[in-house]
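1. Okay, here's the prediction I keep looking at, along with the sequence it came from:
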Amino acid sequence: MSTIRRQMEKWRSKLILLFLLVHLTSTISFSPPSHGCYWTDSCQNKWVGGCGKGHVIIDQSDDCNGLCLGPKYPLCLPFYTHFHCCKPESPKVTDRCAQCKNKVDYGDEYICCTDCSDPYLSDKHTKLGYCKTGAELAVQLKPREVFKWVAGPWMQCSSPCDGGIRYRDVECFGLTKDASIPHYPVDNSRCSGEEMPARQEPCNLNHCAEFSDSNALGSERSSGMSAWMVTFLVLLGLATVGCLGFVGYTLYKRRTSSQHGFVYIMLEGYS
């Protein structure tokens with residue numbers, strides 16, 4: 001019994017020593033990066049451990065979500081974990097936010113991460129935030145917008161004479177200095193500083209009587225031209241028939257005269 005008791009005391013002392021070592025490793029101080037995100041080097045107690053001063057916990061995992069496996073970062077014991085920490089910082093000025101899809105619309109500014117990952121703001125008033133990927137937080141002023149009226153083509157007049165009305169579409173559009181961003185429709189109140197082009201105007205102000213007279217004159221001209229054309233065609237046909245008759249008569253005379261000459265020659269030979 002004494003031997004068993006001694007072995008149990010040895011195992012208990014080893015477990016206590018192991019617990020103390022783990023606890024000491026979890027409380028060892030470390031110097032976190034000046035900015036960006038990082039995983040804690042050592043496994044820390046889930047309730048006692050945490051990030052360095054001025055940093056916030058954004059995630060925790062026993063194996064750093066698969067990013068810290070290896071001899072330097074072994075799996076943590078139960079109730080211990082690695083903490084993913086980030087230090088909120090003020091955004092740096094850049095001109096790359098407009099190219100990123102993942103950005104925060106902050107009034108007159110865009111806030112983004114320099115690698116175009118999702119930015120996170122911890123304080124909207126001071127604009128403090130961080131990027132989980134460790135990239136720097138950045139800010140860019142929005143391109144200056146210009147609002148102008150854009151008028152479409154006129155539609156067909158409502159009446160052919162005696163005065164009609166024609167309409168067209170007029171809308172307010174926003175434009176930016178960035179040529180890659182096309183113009184986009186906005187509320188008409190944005191273009192209140194410019195005079196709005198007319199959406200309708202009178203058209204076809206001629207009286208219908210004048211319109212009909214001009215049509216009649218045009219029809220008379222067309223009918224006169226058609227009579228001249230018929231006369232010309234008739235004369236051309238008569239001339240053609242006359243020419244054909246003359247040619248046919250000439251051929252007939254030649255043929256009959258050649259036959260009489262042949263008969264005369266034959267008679268002269270017999271005589």
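-> That came through, no problem.

2. Walking through the stretch 151-271 of the chain, point out its helices one by one.
-> With helices called from DSSP state H, counting those that start in this stretch, the stretch 151-271 of the chain shows them at 208-270.

3. Where does pLDDT dip in it?
-> 178-181, 210-226, 257-271 (pLDDT under 70).

4. repeat that with 50
-> 259-271 (pLDDT under 50).

5. just the CA coordinates of stretch 165-183, formatted as CSV?
-> Only the C-alpha atoms of stretch 165-183 are listed here, as CSV (Å, rounded to 0.1, in the frame of the first residue of the first chain):
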residue,chain,number,x,y,z
ILE,A,165,-47.0,69.4,-78.7
ARG,A,166,-44.0,67.2,-78.5
TYR,A,167,-42.3,65.8,-75.3
ARG,A,168,-39.0,64.5,-74.2
ASP,A,169,-37.5,63.0,-71.0
VAL,A,170,-35.4,65.2,-68.8
GLU,A,171,-33.6,63.7,-65.7
CYS,A,172,-31.0,64.7,-63.2
PHE,A,173,-27.8,62.6,-63.4
GLY,A,174,-24.7,62.5,-61.2
LEU,A,175,-21.2,62.5,-62.7
THR,A,176,-17.7,62.0,-61.1
LYS,A,177,-14.2,62.8,-62.2
ASP,A,178,-13.6,59.0,-62.2
ALA,A,179,-14.2,58.0,-65.9
SER,A,180,-14.6,54.3,-64.8
ILE,A,181,-17.9,55.3,-63.0
PRO,A,182,-20.7,55.9,-65.4
HIS,A,183,-23.3,58.6,-64.9
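
6. quick one, domains of the chain?
-> 13-86, 92-141, 145-203 (automatic domain parsing).

7. Deepest-packed of these, please.
-> Most buried of the domains of the chain, by mean neighbour count (mean count of other CB atoms under 10 Å): domain 92-141, with a mean of 17. (Each C-beta comes from the backbone N, C-alpha and C, glycine too.)

8. hang on, the earlier thing: will you turn the domains of the chain into JSON lines that also has distance to residue 236?
-> Output for those, formatted as JSON lines (distance: least, CB to CB, whole Å):
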{"stretch": "domain 13-86", "distance to residue 236": "98"}
{"stretch": "domain 92-141", "distance to residue 236": "77"}
{"stretch": "domain 145-203", "distance to residue 236": "40"}
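
9. Which among those domains is found nearest to residue 251?
-> Residue 251 sits nearest to domain 145-203 of all the domains of the chain, at 62.4 Å, using CB to CB.

10. Any idea how far apart the tips of the closest one sit?
-> 36 Å (CA to CA, to the nearest Å).

11. who touches residue 176 in this structure?
-> Neighbour list for residue 176: 143-146 [criterion: CB atoms under 8 Å, 6 or more residues apart in numbering].

12. Among the domains of the chain, which comes closest to residue 253?
-> domain 145-203 (66.6 Å).

13. Chain neighbours aside, what residue packs nearest to residue 122?
-> residue 88 (4.6 Å; CB to CB, 6 or more residues apart in numbering).

14. correction: residue 147
-> The nearest residue in space to residue 147 (CB to CB, 6+ apart) is residue 190, at 4.2 Å.

15. So residue 52 sits against residue 86, correct?
-> No. Under the criterion of CB atoms under 8 Å, residue 52 makes no contact with residue 86, lying 10.7 Å away.
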